[in-house]
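Novice: When you get a sec, could you give me coordinates for this:
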Amino acid sequence: MADSAVFTRPHTPLSRVKKNEMIPADMIFLGSSNPKGHCFIDKANLNGETTLEVLTSVQQTRNWCRDEGKHLSSFDCEIEYEPPNKKFDSIRGVLYINEPDGKRVEAPLSGKVLLMREV
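Specialist: Next comes the predicted model:
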């Protein structure tokens, strides 16, 4: 991706947001306790809409967020994404996941994987 920024993990912290908690910062939605990896967001403070919006987590990271032998403390990744622009409510990029077995998994980032901090 030309003219992009890169974040790496473990240097970038992970955050867990529980039901009814405010989202503390803009973040990429890696997974949830919902089997399909969904969460429901009230965006009334962001755009005035009073209906819950359904967001879907990155498919390739959902197992890391459930107890299936993978632990978030060992989650290792790089995120390559486009620089900030006028479209503040979207993201385009790639999440590269470095699996414990040495495999590198590529997950596209777009659409509804961006959790936005409430104002």
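Novice: Specify the local secondary structure of residue 61.
Specialist: helix (DSSP: H, G, I helix; E, B strand; the rest coil).
Novice: Now stretch 82-102: buried residues?
Specialist: 82, 91, 93-98 (16 or more other Cβ atoms under 10 Å). Yep, even glycine has a C-beta here, placed from its N, CA and C like the rest.
Novice: Go ahead and confirm residue 89 touches residue 112.
Specialist: No. The criterion here is Cβ atoms under 8 Å, and residue 89 misses it with residue 112 at 10.0 Å.
Novice: pLDDT below threshold where in this protein?
Specialist: Scanning the chain for pLDDT under 70 picks out the ranges 1-12, 45-47, 67-70, 119.
Novice: which residues of it fall in strands?
Specialist: With DSSP state E as the criterion, the chain has strands at 5-9, 27-28, 38-42, 52-56, 77-81, 93-98, 104-109, 114-115.
Novice: Wait, residue 53 touches residue 40, no?
Specialist: Yes. The pair residue 53 / residue 40 is scored as a contact, 7.2 Å apart, by Cβ under 8 Å.
Novice: Next, the contact list for the residue nearest the centre of the chain, please.
Specialist: Nearest residue to the geometric centre of the chain (Cα atoms, centre = their mean): residue 28, 2.0 Å. The contact partners of residue 28, taken as Cβ atoms under 8 Å, 6 or more residues apart in numbering, are 58, 79, 91, 95, 109, 113-115.
Novice: Report the beta-bridge partners for it.
Specialist: Residue 28 forms beta bridges with residue 114, as assigned by DSSP bridges.
Novice: Can I get the contacts of residue 28 in CSV including distance to residue 33?
Specialist: What follows is the contacts of residue 28, written out as CSV (distance: Cβ to Cβ, whole Å):
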residue, distance to residue 33
58, 15
79, 23
91, 23
95, 20
109, 21
113, 17
114, 20
115, 15
